[in-house]
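Engineer: Please find the sequence and the predicted model below.
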Amino acid sequence: MRQDCKNCPYKESNYDDYMLKLRQKIRVTLLIKALEDHVIKNTEMSSTQVNAALALLKKALPDIALPKIEIAGKQDINISHEDALKELE
């Protein structure tokens, strides 16, 4: 249900979609923040909490695949960033 907001960027019909997307972004942000605090600030997290956070992030964020390039007529070869830089030398 829409609550009145003066600065709401969406019209009435898109408000529910807007709120769903906003909640999803907040959850992802909170997961990332918790993992960062665990790694950087040594905040305590159990292995179960870390694994659950990582699993949720994998569902919420798209995978970034390695680029597929063609080298000397060979197709669909995955090459690391480091190997690509060596090829440029």
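Structural biologist: Thanks, I have the structure now. The shown structure was predicted, so the numbers you read here are calculated from the model rather than taken from an experiment.
Engineer: Over to residue 45. Which of the three states is it?
Structural biologist: coil (DSSP: H, G, I helix; E, B strand; the rest coil).
Engineer: Which residue, neighbours along the chain excluded, lies closest to it?
Structural biologist: In this structure, residue 45 finds its nearest non-sequential neighbour in residue 38, 4.5 Å apart by Cβ to Cβ, 6 or more residues apart in numbering. Just so you know, the C-beta spots here come from the backbone N, C-alpha and C atoms, and that holds for glycine as well.
Engineer: which parts of the one helix or strand the one you found maps to are buried?
Structural biologist: Take DSSP states H and E as the rule and residue 38 turns out to sit in helix 15-40. Of all the residues in helix 15-40, those buried under the rule 16 or more other Cβ atoms under 10 Å are 15, 31, 35.
Engineer: pLDDT of that helix, averaged?
Structural biologist: Mean pLDDT, helix 15-40: 86.
Engineer: Use 590 as the first number for this chain going forward.
Structural biologist: Okay, residue one is now 590; in that scheme the one you just asked about reads as helix 604-629.
Engineer: and that helix, what does it pack onto?
Structural biologist: Packed against helix 604-629 by the contact rule (3 or more Cβ pairs under 8 Å, 6 or more residues apart in numbering; DSSP states H and E) you find helix 636-649.
Engineer: could you dump the helix it packs on to CSV, C-alpha only?
Structural biologist: Backbone C-alpha positions of helix 636-649 (Å, rounded to 0.1, in the frame of the first residue of the first chain) are rendered in CSV as follows:
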residue,chain,number,x,y,z
SER,A,636,30.7,-20.1,9.2
THR,A,637,26.9,-20.7,8.7
GLN,A,638,26.2,-17.0,8.6
VAL,A,639,29.0,-16.4,6.1
ASN,A,640,27.8,-19.2,3.9
ALA,A,641,24.2,-18.1,4.1
ALA,A,642,25.2,-14.5,3.2
LEU,A,643,27.3,-15.7,0.2
ALA,A,644,24.5,-17.9,-1.0
LEU,A,645,22.0,-15.1,-0.8
LEU,A,646,24.4,-12.8,-2.7
LYS,A,647,24.8,-15.3,-5.4
LYS,A,648,21.0,-15.3,-5.9
ALA,A,649,20.7,-11.6,-5.7
